[in-house]
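Novice: A structural model of the following input is requested.
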Amino acid sequence: MAWKTLDDMDFAGKRALVRVDINVPVEDGRVTDTSRIERIIPTVDDIQAKGGRVILMAHFGRPKGKVVPEMSLEHIAPTVADVLGLPVTWVNGDYADAVAAMDDDEVLLLENLRFNPGEEQNDEGFAKRLASLGDIYVNDAFSAAHRAHASTEAIAHLLPSCAGRLMAEELDALERALGNPERPVVAVVGGAKVSTKLDLLGNLVTKVDALVIGGGMANTFLAAQGIDVGKSLCEHDLADTARDIAQKAAAAGCEILLPRDVVVAREFKAGADSEVVKAEDCPADAMILDAGPDSVAHIAQVFERSKTLIWNGPLGAFEIAPFDAATNAAAKTAADLTKAGKLVSVAGGGDTVAALNQAGVADDFTYISGAGGAFLEWMEGKTLPGVAALG
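Specialist: Down below sits the predicted model:
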């Protein structure tokens, strides 16, 4: 779909209402990770360079429509100012007066949107109140685009609207990965349970040429083939579902890659005694905790003949060594191919980002999405309200 960007708008003398995601981690009153704030810098700088004034709208935590003092954006306003290198004024109360009095280089930060029940209800009245403060609406929060809220959906119909730099970057990357990708396309889907990713798997097998299934999910697919997975994490009640997905993939010409060999152990702890066995030879008293080296070699072969990679979820219990080996090795292969210009690699999801950072390769992927739920729903083929509203 087509959407407007900052380059399509005239900001001279205009007030820009910018929806951002600065839902940052805070411990003991201190922001411990400023990366989400850093990612809005290009949008803020561009709007000001074009003569516009910036009014930031954001949420923080889950106050559920009530004022929760510890979730006030007042606590993070000083950090936002430090990161942006600009004067930032937190506003609570009479927004209109603050907007009328703001200086050109000043940035306003409105109080937590979710303190108002109208935000999550996508209430038109609340959206109109917000819209009255600005001349142009800019959505730079892809991570909130799967929510039909007043600040992400309703407001976009009330003002000239566009995507901010971060949102546009994200949408362009996703379009390259699944909207109009260079083929062959391979997807990696890992994680503990098939049940949490049924829509994802069902959509991907019709869109990609190869699908690597890892983590606890792979055990469910192995069990569905009649393989004894011992004491491994496995959703035996989803065997029929796994077989249906496999049949759908076969009909669509999508190759499913399950582990050929696995790393097993009797206990799940760092440094636990482990061994590599064929997938069909898992001991009855052991757990499958990672894919084995033969499986990793097979995955590498598929990566090497692919042009596009989408990754969501680890291949094993990556949090604990040595069960991070398969994820690390596959990630490094993908990173090397990306650096060589042979692969477009897009990854997203909390565990995925953590795993790629742990492997030391996150900076080498084409694009790492910071959006959890929105990235997953996009991979599931769902329409994201916050994106559709910009079209």
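Novice: low-confidence ranges, the stretch 251-391 of the chain, go.
Specialist: Judged by pLDDT under 70, the stretch 251-391 of the chain has no weakly predicted residues.
Novice: and the helices in it?
Specialist: For the stretch 251-391 of the chain, helices defined by DSSP state H, counting those that start in this stretch occupy the ranges 293-304, 325-339, 350-359, 373-379, 385-388.
Novice: mind putting these in a markdown table, mean neighbour count included?
Specialist: From N, CA and C alone the C-beta is placed, and that goes for glycine too. Shown next, in a markdown table, are the helices of the stretch 251-391 of the chain (neighbours: other C-beta atoms under 10 Å):
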| stretch | mean neighbour count |
| --- | --- |
| helix 293-304 | 18 |
| helix 325-339 | 22 |
| helix 350-359 | 20 |
| helix 373-379 | 23 |
| helix 385-388 | 20 |
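Novice: right, so of those helices, which gets closest to Ser132?
Specialist: Closest to Ser132 of the helices of the stretch 251-391 of the chain, according to C-beta to C-beta: helix 385-388, at 20.3 Å.
Novice: which segments of this protein make up each domain?
Specialist: Listed by automatic domain parsing, the domain ranges of the chain are 6-164, 181-379.
Novice: Throw the helices of the stretch 251-391 of the chain into JSON lines and include distance to Leu315, thanks.
Specialist: Listed next are the helices of the stretch 251-391 of the chain as JSON lines, based on distance: least, C-beta to C-beta, whole Å:
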{"stretch": "helix 293-304", "distance to Leu315": "8"}
{"stretch": "helix 325-339", "distance to Leu315": "4"}
{"stretch": "helix 350-359", "distance to Leu315": "9"}
{"stretch": "helix 373-379", "distance to Leu315": "17"}
{"stretch": "helix 385-388", "distance to Leu315": "30"}
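Novice: of these, which approaches Gly271 most closely?
Specialist: Comparing the helices of the stretch 251-391 of the chain by C-beta to C-beta, helix 325-339 comes nearest, at 13.0 Å.
Novice: how far off centre is that closest one?
Specialist: 19 Å (C-alpha atoms, centre = their mean, to the nearest Å).
Novice: residues in contact with it?
Specialist: Residues from elsewhere that reach helix 325-339, judged by C-beta atoms under 8 Å, 6 or more residues apart in numbering: 188, 190, 212, 214, 263, 290-293, 295-296, 299-300, 303-304, 309, 311, 314-316, 318, 343-345, 355-356, 358-359, 361, 364-366.
Novice: now the strands for the stretch 51-200 of the chain?
Specialist: 53-57, 88-91, 107-110, 136-139, 161-163, 185-189 (DSSP state E, counting those that start in this stretch).
Novice: list the helices and strands the fifth one packs on?
Specialist: Secondary structure elements in contact with strand 161-163, counted by 3 or more C-beta pairs under 8 Å, 6 or more residues apart in numbering; DSSP states H and E, are strand 136-139.
Novice: show me what the strand it packs on pairs with in its sheet, parallel or antiparallel.
Specialist: Note on strand 136-139: by DSSP bridges, its sheet partners are strand 15-19 (parallel), strand 161-163 (parallel).
Novice: what about dumping the CA coordinates of it to CSV?
Specialist: Output of strand 136-139 as CSV, limited to C-alpha atoms (Å, rounded to 0.1, in the frame of the first residue of the first chain):
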residue,chain,number,x,y,z
ILE,A,136,-0.5,17.5,10.7
TYR,A,137,-0.5,14.0,12.2
VAL,A,138,2.7,11.9,12.0
ASN,A,139,2.7,8.2,13.1
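Novice: for Glu170, find the nearest of the domains of the chain.
Specialist: domain 6-164 (4.2 Å).
Novice: ok now that closest one, how far from the chain's centre?
Specialist: Relative to the centre of its chain, domain 6-164 is centred 20 Å away, using C-alpha atoms, centre = their mean.
Novice: what is the rounded mean pLDDT of it?
Specialist: Computed over domain 6-164, the mean pLDDT rounds to 96.
Novice: what's the span of that domain, first residue to last?
Specialist: 6 Å (C-alpha to C-alpha, to the nearest Å).
Novice: check stretch 108-122 too.
Specialist: Start-to-end span of stretch 108-122 (C-alpha to C-alpha) is 22 Å.
Novice: if we go by neighbour counts, what in that stretch is buried?
Specialist: Residues of stretch 108-122 classed as buried by neighbour count (16 or more other C-beta atoms under 10 Å): 108-116, 118-120, 122.
Novice: can I get the domains of the chain in TSV with distance to Ala388?
Specialist: Output for the domains of the chain, formatted as TSV (distance: least, C-beta to C-beta, whole Å):
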stretch	distance to Ala388
domain 6-164	8
domain 181-379	12
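Novice: Pro385 is nearest to which of these?
Specialist: Set against Pro385 and scored by C-beta to C-beta, the domains of the chain come closest in domain 6-164, at 3.8 Å.
Novice: closest to Val387 out of the domains of the chain?
Specialist: domain 6-164 (5.0 Å).
Novice: just to revisit the earlier point, format the strands of the stretch 51-200 of the chain as TSV; extra columns: distance to Ala16.
Specialist: Shown next, in TSV, are these (distance: least, C-beta to C-beta, whole Å):
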stretch	distance to Ala16
strand 53-57	6
strand 88-91	15
strand 107-110	10
strand 136-139	5
strand 161-163	9
strand 185-189	36
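Novice: buried deepest among those strands, which one?
Specialist: strand 136-139 (a mean of 28; mean count of other C-beta atoms under 10 Å).
Novice: neighbouring contacts of that one?
Specialist: Strand 136-139 is contacted from outside by 6, 9, 11, 14-19, 43, 47, 52, 131, 145, 152, 155-156, 158-164, 167, 386, 389-390, using C-beta under 8 Å, 6+ apart.
Novice: if we go to 7 Å?
Specialist: Strand 136-139 is contacted from outside by 9, 11, 14, 16-19, 43, 152, 155-156, 159-164, 167, 386, 390, using C-beta atoms under 7 Å, 6 or more residues apart in numbering.
Novice: fine by me, we can end here.
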